[in-house]
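In: fold the following for me, if possible:
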Amino acid sequence: MNFRIKYIGNEKNISKFSYVFSGNKISASGSVDKQTTPFAVNFIGISEGYEHEGDKVKLIVKWNGMEEEIELNR
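Out: Next up, the predicted model:
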């Protein structure tokens with residue numbers, strides 16, 4: 001499983017950036033304390049059983065005291 005989360009918002013500095021993927025088979029999370037923008041988080045890893053994942057995976061991203069929930073479709 002490979003993914004890239006790229007921040008392209010208006011803030012110049014990001015603190016306490018975190019993400020969580022949540023699915024039936026997929027779960028990945030991470031965080032970054034401080035970043036200047038724009039920036040990206042890259043992940044390359046093995047996800048056993050990914051082919052059996054449901055149609056949708058939830059991604060929750062938090063930064064600067066804000067939160068966004070995104071539903072990813074296969």
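
In: can you pull the contacts of the closest residue to Ser27 other than its chain neighbours?
Out: Nearest residue to Ser27, sequence neighbours excluded (C-beta to C-beta, 6 or more residues apart in numbering): Phe21, at 6.2 Å. (C-beta placed from N, C-alpha, C; glycine too.) Contact analysis of Phe21 by C-beta atoms under 8 Å, 6 or more residues apart in numbering lists Phe3, Ser27, Ala28, Ser29, Val57, Lys58, Leu59.

In: 10 Å instead, please
Out: Shown in contact with Phe21 (C-beta atoms under 10 Å, 6 or more residues apart in numbering): 1, 3, 5, 27-30, 43, 47, 57-60, 70, 72.

In: same deal with Phe17?
Out: 5, 7, 30-35, 37, 39, 41, 61-64.

In: ChimeraX command to pick out the buried ones of those residues?
Out: In ChimeraX, this line selects whichever of those come out buried by 16 or more other C-beta atoms under 10 Å:
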select :5,7,35,41,61,63
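
In: going on from the helix or strand of the chain with the lowest mean pLDDT, what's the next piece of helix or strand?
Out: For the chain, using mean pLDDT, DSSP states H and E, the weakest element among its helices and strands is strand 39-44, scoring a mean of 82. Using DSSP states H and E, the helix or strand that follows strand 39-44 towards the C-terminus is strand 56-63.

In: now the angle from the helix or strand following that following strand to strand 56-63?
Out: Toward the C-terminal end, the helix or strand that comes next after strand 56-63 (DSSP H and E) is strand 66-73. Relative orientation of strand 66-73 and strand 56-63, computed by axes from the mean of the first three to the mean of the last three C-alpha atoms, to 10 degrees: 160 degrees.
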